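A.B. asks: Build me a structure from this.
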Amino acid sequence: MLRRALPVIALVALGALGALAASVVAQGSLLDTTTGTSVSAPSSTDVTTTTTIPTGTVPTVPTTTAPLTTTSVPLTTTVLTTTALTTTARTTTGATTGTTTTPASTVPAVSVSPTTIVIDGHGWGHGMGMSQWGDYGYAKHGWSYTQILTHYYTGVTVAVKPEVPVRVLLFDGVRRVTLASDSPWKVTDATGAVVALPAGKLLLAADLMISGRTLTGPLTFDPGPTPLTVGTRTYHGSVIATSTGTKLQIVNRLGLEQYVDGVLGSEVPSTWPAEALKAQAVAARSYALAELTTIVTARAYDLFSDTRSQEYLGISAETPATLAAVSATAGQVILSGGQVATAYYSSSSGGRTESALDATGKDIPYLQSVDDPYDTFSPNHNWGPVLVDGARAAKALGIAGELIDLQTVNGPTGRVQKVVAVSTTASTTFHGETVRSALGLRSTWFSVRWLALAKSQTLPQGNVSPVTLTGIVRGFSGVQLEAKPSGSVWAPVGPVTPNADGSFSIAVRPSVTTAYRLAAGTLRGGQVTLAIAPVVTASALNGSVSGSVAPAAAGLPVELQVRNGSVWQAVVASTTDPTGAFTLGAQLAPGTYRVKCVPGAGLSPGFSATIVIS
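C.D. replies: Got it, this is the predicted structure:
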């Protein structure tokens with residue numbers, strides 16, 4: 001379950017993995033042992049505070065706390081993050097997620113960003129309530145489903161509640177949808193008019209026209225002897241279609257037990273131990289029933305079919321093992337104080353669950369922090385390193401200036417409650433969940449390290465003075481500076497010795513265009529380029545452009561270019577004489593011109609100042 005917009009508490013489901021910030025990542029559904037779904041955690045309003053740093057000053061930044069232990073666990077690759085440790089293939093279905101993980105690679109994790117934020121962490125999801133991988137581990141160690149539930153949900157009892165109907169949102173805001181049945185079926189409109197439908201497909205549009213008749217919504221489609229198909233999935237129960245006149249909302253109405261049948265195999269692999277499946281069935285049933293009794297709205301549905309509530313894939317998710325687990329626990333829910341408990345759960349706790357008080361600021365008696373020793377079965381128990389582009393992180397967080405640190409404030413279980421984002425212009429405080437979402441991280445249990453070099457620059461060819469590279473290293477030891485001269489390969493330059501605040505400087509003297517980066521173990525980040533280029537001077541006189549290239553050499557190619565919008569186009573080309581001089585004759589129409597010299601031999605192109613002909 002993933003985060004959704006509820007006033008006090010939101011949820012995260014697991015059978016598909018978590019979702020990411022809109023610009024960061026999307027996710028889909030899964031039915032194998034790489035499960036990574038999570039029920040969206042409750043969160044308070046994301047209030048930020050900003051402290052402005054006067055222009056021209058550099059804030060003092062304390063050294064980042066040592067990183068958490070990392071392993072080669074599957075990593076999420078998003079718009080903001082990169083990694084070379086694993087490849088994770090994803091599909092997107094609404095807000096749900098799923099993964100197929102390939103074996104870890106031995107290729108180093110590499111970032112070409114000047115500022116590389118290195119993040120390591122634990123777990124997947126909000127961490128409250130039951131950990132699905134911990135559930136699996138306890139079942140493997142002989143625990144019964146009631147023992148598992150009473151471990152994760154403090155002070156609860158298991159009781160039976162009667163069957164109730166639920167309404168699950170399948171589609172919203174669509175122009176049309178395909179419905180189908182393998183046997184005769186029917187539709188009833190709001191006036192009670194009934195239209196018998198033959199076996200086959202029906203394309204329903206927002207005008208609600210069926211068999212040449214425009215019906216009055218909402219419409220209720222009831223199955224015959226076989227279940228109904230909506231889109232590509234088949235569901236128990238009836239289907240309700242509501243129209244706004246231009247868009248459709250499609251809801252599946254069915255019994256709670258059949259709903260849990262469709263949730264269980266969507267949330268966890270059906271190959272898991274029977275007791276683990278039973279625990280998940282009771283948690284899923286409890287969550288759904290609690291939503292029915294505690295969430296009061298005017299909407300036409302009770303639950304989402306994705307990780308905003310629980311992953312629900314209908315009949316396609318049912319297997320003999322999952323159906324047996326639902327049947328064996330029929331009607332069973334967990335109670336706290338005589339009320340059905342909202343049984344939050346997530347994929348992986350990282351080793352200890354989070355209390356509702358620490359996660360949301362609201363103390364919920366049955367959502368206390370407990371040890372989760374068998375979460376080690378989870379491929380996301382430890383994850384990282386995730387390499388985040390500093391500039392794109394600043395943009396995702398709405399930070400002005402260059403981002404130079406993310407300082408974390410941790411809660412009792414180690415999860416990040418607040419993050420102070422420090423830039424060259426301001427210091428802004430965010431909730432940990434805001435940063436997790438913006439950067440596409442798997443949980444709020446993370447730590448931050450830093451590899452940064454100053455920005456790339458162009459130097460004149462022939463420069464003999466050393467150039468000082470500056471940067472920041474935090475959370476690492478034994479960092480080396482590496483260089484890659486044009487046409488060559490990466491090689492060590494020397495060790496980097498940061499100051500107490502992480503800043504450092506190191507002198508280099510490139511003779512050709514050279515890329516530099518920081519190396520820490522198998523990580524590579526903080527990459528910049530010192531471009532070495534000839535100095536080109538040029539001026540226009542009497543219908544031609546003349547000038548020189550330094551250092552002087554004969555036969556260097558030069559080209560007169562004119563700007564056409566955002567593109568520079570060639571006008572005429574020539575070469576330099578032994579003194580480096582050149583003349584480029586052309587009919588110069590009004591416009592903006594420049595001369596480009598491409599010397600080769602590992603040097604970057606040189607450009608003259610622009611010449612404006614009016």
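A.B. asks: average pLDDT across the helix ranked longest in the chain?
C.D. replies: Ordering each helix of the chain by length in residues (DSSP state H) puts helix 274-294 first. Taken as a whole, helix 274-294 has a mean pLDDT of 95.
A.B. asks: and the gap between residue 147 and residue 412?
C.D. replies: Distance from residue 147 to residue 412, counting by C-beta to C-beta, to the nearest Å: 25 Å. Using the backbone N, CA and C atoms, a C-beta is placed for each residue, glycine as well.
A.B. asks: Equivalent analysis for residue 337, please.
C.D. replies: In terms of C-beta to C-beta, residue 337 sits 24 Å off from residue 412.
A.B. asks: for the longest helix of the chain, which positions count as buried?
C.D. replies: By neighbour count on 16 or more other C-beta atoms under 10 Å, the buried set for helix 274-294 is 275-292.
A.B. asks: just stretch 568-582 next, same as before
C.D. replies: Here stretch 568-582 shows 568, 571, 574, 576, 580, 582 as buried, counting by 16+ other C-beta under 10 Å.
A.B. asks: same thing with stretch 291-307?
C.D. replies: Across stretch 291-307, burial judged by 16+ other C-beta under 10 Å covers 291-292, 301-307.
A.B. asks: Relative to the whole chain's centre, how far out is that stretch?
C.D. replies: 26 Å (C-alpha atoms, centre = their mean, to the nearest Å).
A.B. asks: cool, stretch 445-452 as well?
C.D. replies: Distance of stretch 445-452 from its chain centroid, counting by C-alpha atoms, centre = their mean, is 16 Å.
A.B. asks: and what of stretch 237-249?
C.D. replies: 31 Å.
A.B. asks: Can you list the low-confidence ranges for the stretch 201-350 of the chain?
C.D. replies: Along the stretch 201-350 of the chain, the parts satisfying pLDDT under 70 run over 295-297.
A.B. asks: residue ranges for the strands of it, please.
C.D. replies: Ranges of strands in the stretch 201-350 of the chain, per DSSP state E, counting those that start in this stretch, are 209-210, 213-214, 219-222, 228-230, 233-235, 238-243, 248-255, 303-304, 332-336, 339-340, 345-346.
A.B. asks: of those strands, which approaches residue 190 most closely?
C.D. replies: strand 219-222 (7.7 Å; C-beta to C-beta).
A.B. asks: List the contacts of the closest one.
C.D. replies: Contact with strand 219-222 is made by 179, 185-190, 197, 204, 208, 210, 228, 238-242, 253, as judged by C-beta atoms under 8 Å, 6 or more residues apart in numbering.
A.B. asks: Repeat the analysis, applying 10 Å as the threshold.
C.D. replies: By C-beta atoms under 10 Å, 6 or more residues apart in numbering, the residues outside strand 219-222 that reach it are 179, 181, 185-190, 193-195, 197, 202, 204, 208, 210, 228, 230, 237-243, 248, 250-251, 253.
A.B. asks: Just the buried ones from these?
C.D. replies: Among the contacts of strand 219-222, those buried by neighbour count (16+ other C-beta under 10 Å) are 179, 181, 185, 187-189, 195, 197, 202, 204, 208, 210, 228, 230, 237-243, 248, 250-251, 253.
A.B. asks: What pairs with the helix or strand where residue 386 lies, parallel or antiparallel?
C.D. replies: For residue 386, the element it lies in under DSSP states H and E is strand 382-389. Next to strand 382-389 in the sheet, as set by DSSP bridges, lie strand 81-82 (antiparallel), strand 115-122 (antiparallel).
A.B. asks: Of those, which shows the lowest average pLDDT?
C.D. replies: Ranked on mean pLDDT, the bottom entry among the strands paired with strand 382-389 is strand 81-82, at a mean of 37.
A.B. asks: could I get the strands paired with strand 382-389 as a markdown table with mean neighbour count and distance to residue 439?
C.D. replies: Below are the strands paired with strand 382-389 laid out as a markdown table (neighbours: other C-beta atoms under 10 Å; distance: least, C-beta to C-beta, whole Å):
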| stretch | mean neighbour count | distance to residue 439 |
| --- | --- | --- |
| strand 81-82 | 22 | 7 |
| strand 115-122 | 27 | 7 |
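A.B. asks: Scan the helices and strands of this protein for the one with the lowest mean pLDDT.
C.D. replies: Lowest on mean pLDDT, DSSP states H and E among the helices and strands of the chain sits strand 88-90, with a mean of 27.
A.B. asks: how close does residue 264 get to residue 348?
C.D. replies: For residue 264 relative to residue 348 (C-beta to C-beta), the value is 18 Å.
A.B. asks: what does residue 502 give?
C.D. replies: 31 Å.
A.B. asks: Would you confirm that residue 495 contacts residue 479?
C.D. replies: Yes. Assessed by C-beta atoms under 10 Å, residue 495 is found in contact with residue 479 at 7.1 Å.
A.B. asks: out of those two, which sits in the more crowded spot?
C.D. replies: A count of neighbours by other C-beta atoms under 10 Å puts residue 479 above the other of residue 495 and residue 479, at 20 against 11.
A.B. asks: Quick one: residues contacting the more buried one.
C.D. replies: 451, 471, 473, 495-498, 504, 518-521, 523, 525-526.
A.B. asks: Let me know the pLDDT of it.
C.D. replies: Reported pLDDT for residue 479: 97.
A.B. asks: which one is it nearest to, not counting chain neighbours?
C.D. replies: With sequence-adjacent residues excluded and distances taken as C-beta to C-beta, 6 or more residues apart in numbering, residue 479 is closest to residue 496, at 4.4 Å.
A.B. asks: Surely the one you found and residue 452 touch.
C.D. replies: No. Judged on C-beta under 10 Å, residue 496 makes no contact with residue 452 at a distance of 11.1 Å.
A.B. asks: list residues touching both of these two?
C.D. replies: 471, 473, 504, 518, 526.
A.B. asks: okay, among the residues you listed, which ones form the most distant pair?
C.D. replies: 504 and 526 (10.7 Å).
A.B. asks: When those two are compared, which one has more neighbours?
C.D. replies: residue 526 (30 against 20).
A.B. asks: what mean pLDDT does the helix or strand where that one lies have?
C.D. replies: For residue 526, the host element (DSSP H and E) is strand 523-533. For strand 523-533, mean pLDDT rounds to 93.
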